[in-house]
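Participant: I would like to see how this sequence folds:
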Amino acid sequence: MRCDRCGADNPEAKKFCGDCGAAFVPRPEPVPVPGQAGAFFCARHKKEPTRVTCGRCEKPVCIRCAVHGPVGVRCRECARHRIGVRPMGLLHSAGQTLDSPGGRTVWYLAMWYVVIAFISNLFGGHDS
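Facilitator: Numbers count the residues shown, from 1 in each chain. Now for the predicted structure:
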């Protein structure tokens, strides 16, 4: 049986989950759609067939329940307390990798190339 909170496998006789330590509540098994192999009904919307599962807890999720993130589709319970993608944070971390001596030189050369290409196109770099 799998824990509903963390998804770890546990024997049936346990009262607490062996991984997260919470009171053991078995996860309900997904209900397959009759006549469609690999399709299940959504865990929240019992009449909505789907083939998409949560990447963390493997619950079947429909389009209304799916939360798209940087690591794939999650159910609303698994995506509730997660930090979203912060574009400025990605730029900051990219800048830190460029702080190495070779990385900074490449960055400056790329920026100068863009500036020179813009100026040459602005003042007739192409013959028409």
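
Participant: how many neighbours does residue 107 have?
Facilitator: Look at residue 107: counted by other Cβ atoms under 10 Å, it has 15 neighbours. All C-beta atoms are positioned from the backbone trio N, CA, C, and that covers glycine.

Participant: likewise residue 75?
Facilitator: Residue 75 has 23 neighbouring residues, counting by other Cβ under 10 Å.

Participant: Equivalent analysis for residue 58, please.
Facilitator: Residues near residue 58, counting by other Cβ under 10 Å, number 15.

Participant: Just name the shakiest helix or strand of the protein by mean pLDDT.
Facilitator: helix 87-97 (a mean of 58; mean pLDDT, DSSP states H and E).

Participant: Next, the buried residues of the helix or strand that it is followed by.
Facilitator: Sequence-wise, the next helix or strand downstream of helix 87-97 (DSSP states H and E) is helix 101-122. Buried residues in helix 101-122, counted by 16 or more other Cβ atoms under 10 Å: none are found.

Participant: What about the nearest residue to residue 38 once chain neighbours are set aside, how many residues nearby?
Facilitator: Excluding its sequence neighbours, the residue lying closest to residue 38 (Cβ to Cβ, 6 or more residues apart in numbering) is residue 51, at 5.8 Å. By the criterion of other Cβ under 10 Å, residue 51 has 11 neighbours.

Participant: Over to residue 57?
Facilitator: Neighbour number of residue 57 under other Cβ under 10 Å is 19.

Participant: Let me see the contact set for residue 40.
Facilitator: Contact analysis of residue 40 by Cβ atoms under 8 Å, 6 or more residues apart in numbering lists 30-33, 49-51, 53, 60.

Participant: before we move on, what about residue 111?
Facilitator: For residue 111, the contact set (Cβ under 8 Å, 6+ apart) is empty.

Participant: Please state the mean pLDDT value computed over stretch 70-80.
Facilitator: What stretch 70-80 shows for mean pLDDT is 82.

Participant: Now residue 76: phi and psi?
Facilitator: Here is the backbone geometry of residue 76 (degrees, to the nearest 10): phi -60, psi -30.

Participant: That one and residue 65, how far apart?
Facilitator: Separation of residue 76 from residue 65 (Cβ to Cβ, to the nearest Å): 6 Å.
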